[in-house]
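# coordinates only, no sequence provided:
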DNA sequence: ACTGCCGGTATTAACGTTCCTACGTAGCGC
DNA sequence: GCGCTACGTAGGAACGTTAATACCGGCAGT
């Protein structure tokens, strides 16, 4: 295997010391112009590319951050991932990437791997909003962390959308249309992610409607298949709902598919609200009423926050804050007044 | 900022040399059992985590590979990305990730960044199947590369699905239903990705049907919006097609949305075939006839191939091969005989 | 008693950088 | 002609790890 060019190679060819070569390649004003020119010429010939690892070792920073997501089937997460990676590359940071697949073990493994590679910071969409001890530990050991979701407790910085308010507004919308029995398709709060259900309860309470736990269907994740299955469950109830609030658009689309199969028309016979406003939401039939937010904004805020933490070098002592991105309800055609 | 524990710290605390510590932590049989035990105890107390960068520097391998995709809006790519990352982590490799966003510049930047970080290999879904000189160069400089797409020329190894055959089968299906004017929504072949159109032509030729260039609508990428727009174009033709072949499922869904708006029923008035068989394909209305292939298989094959190249350390001299994953047509309800 | 070996540990150099300090030469003023 | 400064370049250590080699004491064999 051909070896890559090193400073030393350039040094030997030009007759200068590696140190001078290093300075020249950094455009240091200390080296004479012609020296610099000669060095650059040779460097280009050899296709010299600095070894970032060696650099990291002495600089004590890898210019790399780690991104851990639960999965990237959900388009809104992929979109965030893409935006994050792009924003980081703009700041000359590389992105190490891993998916936890909703498994705490895999999440820990990924974080461990990243820390071993001396990432300068971590961006994590945690599997379980409650179990973040391992993340806190990484932070305490000196690696800044920003979570991409989370409640209002602040042992770690977070930039997230306000799911609670989003869910509350979506429920509000259904209530204002006249719905009184509203089904929910959500991730199991055993995973600690109860913001959306809290928003749902908030809205019900404001209207003096009692919570019927039967109307809440939970699964380990919320994808197309889960939405499809959950819709079946809700329809099988003695008193089925007249509207469904899904934790994300994919679950909503899955649910609509099932309703369609059962001959139930959306929105005539049943209203459905999604969450995330993925591109697809506008293109399915019927176009989905959903909770929208700016994923790119979320990504860039999270990146900025993380970079600030890295620069400040105060991962630990800082007062952690949770920053929310405002959700907005987009009303399309999957919701209407209840029949009768 | 707290400093992370190093071998030297453990050495000082235990009284042994750093070398002995290193050996002990590697479970070397050379060190006495009690020495090893003492070292391990202290290591755990200090939460010692080896610095993989330092290790990489001396071992001359980073145990990291770089993954470059065009974008991850297309679910099939995200799925591959996830599978790839998982497979790599299983082999104790970390994944550096970047999206080129269909821009050659960004692709180059990403690869440059990765090479600087001494990745042991690259997995690239190239922006442009024709312009891969920069990728070949990386390979020539000693970094193994496996492409995730590509034609039959083999200056670089590739594991890809046989798009040509896939498109040919899809077209075949439409022809056998009786369609004679089949529209195509594809990415602009200016980007060098003409496999699908070639498959389409193959099928037409086999049936002795002349190619009508008017029926081929091209765009810079193939997403929902592009499908939506392209359907409009096809319908505006003097002699519109009776069926549409879309380069991927998202484009197909976008197209169906447009057809729906125009009051054209799928599959009664118009058949539509997608490509990729994303999860969604089964959940939209009507369920999509599409070309399916095993993305996970593709991912694991690509990873295996790359790891083999890395181990063999023969990035350059090896005879490069393109390995195809077979596509399969899944017939659902978006295709039917033409009217009348 | 000397050699040889062996288990256990230490020493040293190396990986490719960067940073700090040192060195040499030339020009300048006195 | 002496020291001073300025400029350009070189040397060395350091980052945290691994690998090759060196060392050292004790025991067995002759």
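Good, I have the coordinates. These numbers were taken from a predicted model, which means no experiment stands behind them.

# so what's the residue count around the residue in the stretch 1-150 of chain A that chain B sits nearest to?
Nearest to chain B in the stretch 1-150 of chain A, going by CB to the nearest CB, is residue A:97, at a distance of 3.7 Å. Every C-beta, even on glycine, is put in place using the N, C-alpha and C of the backbone. Using other CB atoms under 10 Å in any protein chain shown, residue A:97 is surrounded by 27 other residues.

# name all residues that make contact with it.
A:66, A:67, A:69, A:81, A:85, B:67, B:81, B:85, B:95, B:96, B:97 (CB atoms under 8 Å, 6 or more residues apart in numbering or on different chains).

# just want the angle from the helix or strand encompassing the fifth one to helix B:75-90.
Put plainly, it is residue A:85. Element membership of residue A:85, judged by DSSP states H and E, is helix A:75-90. Put simply, helix A:75-90 runs at 70 degrees to helix B:75-90, going by axes from the mean of the first three to the mean of the last three CA atoms, to 10 degrees.

# now helix A:75-90, how far from the centre of its chain.
Mean-position distance between helix A:75-90 and its chain equals 8 Å (CA atoms, centre = their mean, to the nearest Å).

# against which helices or strands is it packed?
If you count contacts as 3 or more CB pairs under 8 Å, 6 or more residues apart in numbering or on different chains; DSSP states H and E, helix A:75-90 packs onto strand A:64-69, strand A:94-99, helix A:249-261, helix A:295-312, strand B:94-99, helix B:104-116.

# what about the strands in the stretch 151-300 of chain A?
A:157-161, A:182-187, A:216-219, A:243-246, A:271-276, A:289-292 (DSSP state E, counting those that start in this stretch).

# just the ones you listed: most buried one?
Highest mean neighbour count among the strands of the stretch 151-300 of chain A (mean count of other CB atoms under 10 Å in any protein chain shown): strand A:243-246, with a mean of 30.

# which strands or helices does it pack on?
On a contact count with 3+ CB pairs under 8 Å, 6+ apart, strand A:243-246 meets helix A:163-177, strand A:182-187, helix A:224-235, helix A:249-261, strand A:271-276.

# got these as CSV, with distance to chain B and mean pLDDT columns?
Shown next, in CSV, are the helices and strands packed on strand A:243-246 (distance: least, CB to the nearest CB, whole Å; pLDDT from 0 to 100):
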stretch, distance to chain B, mean pLDDT
helix A:163-177, 21, 97
strand A:182-187, 14, 95
helix A:224-235, 5, 97
helix A:249-261, 4, 97
strand A:271-276, 13, 98
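
# so which of the ones you listed gets nearest DNA strand D?
Closest of these to DNA strand D is strand A:182-187, at 38.2 Å (criterion: CB to the nearest atom of the strand).

# what's next to the closest one, contact-wise?
Contacts to strand A:182-187, defined as CB under 8 Å, 6+ apart, come from residues A:171, A:174-175, A:193, A:196-197, A:200, A:204, A:215-222, A:226-227, A:230-231, A:234, A:240-247, A:251-252, A:255.

# quick one: buried ones out of those residues?
A:171, A:174-175, A:193, A:196-197, A:200, A:204, A:215-219, A:221-222, A:226-227, A:230-231, A:234, A:240-247, A:251-252, A:255 (16 or more other CB atoms under 10 Å in any protein chain shown).
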